[in-house]
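Asker: here is a sequence with its predicted model. Questions after.
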Amino acid sequence: MPDILQEIVGMHDITASETTNSYVVLPGGVKGNPLVARVQYVNAKQASGSGVWTFTAQVSYNLGGTWTTVATGAAITLTATVQDGEQALAFIPTTVPDTGQTWVQVLATLTGSPVTPTLAYRADLYMARPLS
């Protein structure tokens, strides 16, 4: 099992796409270290329509000035039946910024035209252990 670094975002309910979220700050040089954002979601559903939730892991090397998507999870196609699950968004930071900090966030994006979409999720950051 990989080592948990810290919680990125605690369990929360959403009904529309997120444009910002809480983030974690990784000090020092994390360039080249494999990381995994583990997303656990519950209550993904819609009353009707055609909605899809997608999770993305994003990094910022300039203190949140710009965010780059580094991993995207499998699409969750909504139905009237509640869906629960987990996704692992694996990525490797590519830069050691001048600030010495890499910021990581996870966002949920809703597409389509769902009626009354819901989702609750949390995300944790893990450092992947090298294969031995």
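Answerer: Yep, it's here. Residues are numbered from 1 along each chain as shown.
Asker: buried residues of stretch 63-72, list them for me.
Answerer: Across stretch 63-72, burial judged by 16 or more other C-beta atoms under 10 Å covers 67, 70-71. (Glycine included, C-beta is placed from N, CA and C.)
Asker: for that stretch, measure first residue to last.
Answerer: 22 Å (C-alpha to C-alpha, to the nearest Å).
Asker: mind naming the longest strand for this protein?
Answerer: In terms of residue count, the longest strand belonging to the chain (DSSP state E) is strand 101-115.
Asker: can you list contacts of the following helix or strand past it?
Answerer: Later in the chain than strand 101-115, the nearest helix or strand by DSSP states H and E is strand 118-127. Contacts of strand 118-127 with the rest of the structure, by C-beta atoms under 8 Å, 6 or more residues apart in numbering, involve 2-15, 24, 33-46, 53, 55, 76, 104, 106, 108, 110.
Asker: how about stretch 84-96?
Answerer: Applying C-beta under 8 Å, 6+ apart, the contact partners of stretch 84-96 are 26, 29-44, 55-57, 59, 61, 70-74, 76, 102, 106, 128.
Asker: what about burial for those, which qualify?
Answerer: Applying 16+ other C-beta under 10 Å to the contacts of stretch 84-96 flags 26, 30, 34-39, 41-42, 44, 55-57, 59, 61, 70-71, 73, 76, 102, 106 as buried.
Asker: out of those, which sit inside helices?
Answerer: Counting by DSSP state H, the buried ones among the contacts of stretch 84-96 place none of their members in helices.
Asker: check contacts around A71.
Answerer: 37, 56-57, 89-91.
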